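Asks: Predicted structure and sequence below. I'll ask about it afterward.
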Amino acid sequence: TWTAANIAESLIEDVRAQVGENGLAICGLSGGVDSAVAAALVQRAIGDRLTCVFVDHGLLRAGEREQVQQDFVAATGARLVTVDAESVFLGELAGVSDPEAKRKIIGREFIRSFEGAVTEVLGDRAAVGDKVEFLVQGTLYPDVVESGGGSGTANIKSHHNVGGLPDDLEFSLVEPLRLLFKDEVRAVGRELGLPEEIVARQPFPGPGLAIRIVGEVTGERLAILRRADAIAREELTRAGLDGQIWQCPVVLLADVRSVGVQGDGRTYGHPIVLRPVSSEDAMTADWTRVPYEVLETISTRITNEVPDVNRVVLDVTSKPPGTIEWE
Ligand code: XMP
């Protein structure tokens with residue numbers, strides 16, 4: 001019979017069989033559900049021979065780093081290396097407004113940071129030629145079907161060659177979730193004792209808040225957006241709407257200003273866009289009919305509590321024609 005406990009047990013056995021008695025594994029954590037559950041399973045299977053790597057690119061939402069560093073580690077006992085890469089990412093993103101350019105920079109820097117950490121983790125072992133190591137990925141069944149593929153090996157030796165990895169450091173992929181759907185992954189995660197904030201998390205794009213700032217990404221703008229996003233999330237959760245909402249991007253229109261009147265007088269601040277959507281698979285989406293009272297609370301709190309924001313607007317566009325994210 002299908003129970004989360006049975007599935008977890010058999011997946012753990014499979015990982016043990018694949019990695020063997022001495023194999024070392026690396027897993028990149030994004031803060032998302034899939035990588036967290038995959039890492040938790042592998043940790044159960046091989047303990048400290050798994051090292052999780054978390055690249056903090058400075059584009060995360062409020063509380064996400066703590067969720068990984070404290071809650072995930074407390075729940076799993078996993079060995080975690082955090083890479084502090086905020087200043088590198090912000091430096092590379094300086095002056096860049098184009099959405100695709102942002103994505104490219106973030107993707108490139110992410111691989112660099114990850115490789116750097118992997119080199120350190122594997123350290124001497126890689127140098128002495130224990131060539132085959134394992135890379136854990138949170139690939140789900142729909143991803144497997146989509147890519148038409150089997151699992152295999154990955155070579156993260158980069159074309160840009162900055163990580164200092166040995167040239168032929170190839171990884172065998174460990175993909176314990178490759179036969180599961182999202183809801184099954186969540187059930188397994190709960191079975192492994194992961195906290196609800198991680199297991200029930202809504203999708204969040206890899207490039208993070210950078211693609212929710214329309215305009216250049218700066219530390220100051222990130223701080224503004226982070227506060228607005230935290231308020232929106234808090235109030236949507238409080239209103240019991242998480243089950244209805246697929247995700248709710250909160251977007252800062254950093255290149256737009258409008259006139260407002262706040263406190264002592266005239267302000268000239270930025271708009272925040274709320275983009276709550278309902279969806280099955282993110283391929284299409286409808287804008288969520290969030291009750292007016294909830295919108296009112298979010299709007300009032302954001303304009304009261306977040307400096308430089310004097311207007312909150314609601315995105316009432318379906319996908320298509322609008323994408324879920326603004327960039
Ligand atoms: P769009 O904006 O294309 O988003 O309607 C569809 C889903 O994909 C997520 N998304 C991304 N995820 N890297 C990611 O990992 C990205 O560059 C990216 N862009 C969009 C988005 O949050 C939504 O769930």
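Replies: Structure received. Numbers count the residues shown, from 1 in each chain.
Asks: do whichever strand in the chain runs longest and the ligand meet?
Replies: Looking across the chain with DSSP state E, the single longest strand is strand 265-274. No. Strand 265-274 lies apart from the ligand when judged by Cβ under 6 Å from any ligand atom; the minimum separation is 13.3 Å. The C-beta positions use only the backbone N, C-alpha and C, and glycine is treated the same way.
Asks: how far does the helix or strand following that strand sit from the chain's center?
Replies: Toward the C-terminus, strand 265-274 is succeeded by strand 277-278 as the next helix or strand (DSSP states H and E). Distance of strand 277-278 from the chain centroid (Cα atoms, centre = their mean, to the nearest Å) equals 19 Å.
Asks: For the ligand, tell me whether strand 277-278 is touching it.
Replies: No. Applying Cβ under 6 Å from any ligand atom, one finds strand 277-278 separated from the ligand by no less than 8.4 Å.
Asks: for the ligand, what are the nearby residues on the protein?
Replies: Close to the ligand, as judged by Cβ under 6 Å from any ligand atom, the chain has residues 103, 203, 205-207, 247, 282, 319, 323-325.
Asks: Quick one: buried ones out of those?
Replies: Among the residues of the chain next to the ligand, those scoring as buried are 103, 205, 207, 247, 319, 324-325 (criterion: 16 or more other Cβ atoms under 10 Å).
Asks: and the longest strand of the chain, which residues are buried?
Replies: By 16+ other Cβ under 10 Å, the buried positions in strand 265-274 come out as 267, 269-274.
Asks: swap in stretch 63-73?
Replies: For stretch 63-73, using 16+ other Cβ under 10 Å, the buried residues are 64-65, 67-68, 71-73.
Asks: For that stretch, give the distance from the opening residue to the closing one.
Replies: Length of stretch 63-73, first residue to last, Cα to Cα, to the nearest Å: 14 Å.
Asks: Could you give the average pLDDT over it?
Replies: When pLDDT is averaged over stretch 63-73, the result is 96.
Asks: Report the distance from it to the chain centre.
Replies: Using Cα atoms, centre = their mean, the offset of stretch 63-73 from its chain centre is 12 Å.
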